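Student: Sharing a model that was predicted from the sequence below.
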Amino acid sequence: MEESLWYLLAGTRGSENRARIVRTLDEQPRNANRLSEAIDLDYNTVRHHLDTLREHEVVVRSGDGYGAVYRLSDRFEANREIYERVVETVEYSHTGGSGGGTPEGAE
């Protein structure tokens, strides 16, 4: 899981948006539409990132279709300290500084 989290949240294009998605799902499970509204990101972009996060077992989906609800996986929860370390280390463009920040919209 550690390698996946570094790759997903620090090593690739879209890392910041995925970090925002994880932070928002940590507040409460949501469907893709509500998540899109919460972080002000295009619905299709959110769906793309959710698919990527599912492939790496960071999130799980309950239900099917438009109303499917996403939440953080048990595997992610068991490795939460790695996630915290990644977001503390990475400089996201909307945090206004290096390291230690939270992704935009994550406070």
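Tutor: In hand now; what should we look at?
Student: Assign a three-state SS to the residue nearest to residue 54 when sequence neighbours are not counted, would you?
Tutor: Closest residue to residue 54 apart from its sequence neighbours, by C-beta to C-beta, 6 or more residues apart in numbering: residue 61 at 6.4 Å. The way it works is simple: take the backbone N, C-alpha and C, and place the C-beta from them, glycine included. With DSSP: H, G, I helix; E, B strand; the rest coil as the basis, the three-state label of residue 61 is strand.
Student: Likewise for the one 5 residues further on?
Tutor: Using three-state DSSP, the structure places residue 66 in helix.
Student: before we move on, back to that, what count of nearby residues applies to the residue nearest to residue 54?
Tutor: Residues near residue 61, counting by other C-beta atoms under 10 Å, number 17.
Student: How about the contacts made by it?
Tutor: Residue 61 makes contact with 50, 54, 68, 69, 70 under the criterion C-beta atoms under 8 Å, 6 or more residues apart in numbering.
Student: so what's the residue positioned nearest the centre of the chain up against?
Tutor: The chain has residue 22 as the residue nearest its centroid, 2.6 Å off, counting by C-alpha atoms, centre = their mean. For residue 22, the set of contacting residues under the criterion of C-beta under 8 Å, 6+ apart consists of 9, 53, 58, 59, 72, 76, 83.
Student: quick one: which helix or strand includes the second one?
Tutor: Residue 53 is located in helix 43-55, with elements delineated by DSSP states H and E.
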